[in-house]
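In: here's my sequence, what's the structure:
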Amino acid sequence: MTKRVYDAKQQRWFVSEWERRRSEFDHMQLAVKFGEKDEYCLEEYEAVWEELRLAGLDDDNEGDLEAIEAHFKKLNEADEAAKSPAS
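Out: Residues are numbered from 1 along each chain as shown. Take a look at the predicted model:
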């Protein structure tokens, strides 16, 4: 039997720790890209995952949370670099 996981920050239950972490990564990237909101539309989710695919996430590592986190960090660093004024 799979143990359900409750995330107080997201105020919801998840089927597994993997599902909770993936949701957290999704939310962080959506907030960076589209601003903090209570809900995001399907098109915003699709835009984030398309950006990940373009950054090199493929079908083989789509389920690997460490690979997803590394790609999110890479994209966030690129976004921050683009926002910083040139020295």
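In: K37 should be in a helix, yeah?
Out: No. Counting by DSSP: H, G, I helix; E, B strand; the rest coil, K37 falls outside a helix, being coil.
In: what sits against it?
Out: Contacts for K37 were tallied using CB atoms under 8 Å, 6 or more residues apart in numbering; they are L30, A31. Where C-beta positions appear, they are placed from N, C-alpha and C, glycine not excepted.
In: could you measure from it over to G56?
Out: As judged by CB to CB, to the nearest Å, K37 and G56 stand 27 Å apart.
In: over to V15?
Out: 28 Å.
In: and if you look at V32?
Out: Distance, V32 to G56, by CB to CB: 18 Å.
In: more neighbours: which of those two?
Out: Neighbour comparison, V32 and G56: the larger count goes to V32, with 15 against 11 (by other CB atoms under 10 Å).
In: show me the contacts for the more buried one.
Out: Applying CB under 8 Å, 6+ apart, the residues contacting V32 are N76, D79.
In: quick one: the helices in the chain?
Out: Assigned by DSSP state H, the chain shows helices spanning 17-34, 42-54, 65-83.
In: export those as a markdown table, with columns for distance to Q11 and mean pLDDT.
Out: As requested, the helices of the chain are exported to a markdown table (distance: least, CB to CB, whole Å; pLDDT from 0 to 100):
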| stretch | distance to Q11 | mean pLDDT |
| --- | --- | --- |
| helix 17-34 | 12 | 84 |
| helix 42-54 | 19 | 87 |
| helix 65-83 | 21 | 80 |
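In: kindly compare burial across those helices and name the winner.
Out: Mean neighbours per residue, mean count of other CB atoms under 10 Å, is largest over the helices of the chain for helix 17-34, with a mean of 16.
In: distance of A55 relative to V32?
Out: If you go by CB to CB, the gap between A55 and V32 works out to 14 Å.
In: same thing with R20?
Out: Distance from R20 to V32, counting by CB to CB: 19 Å.
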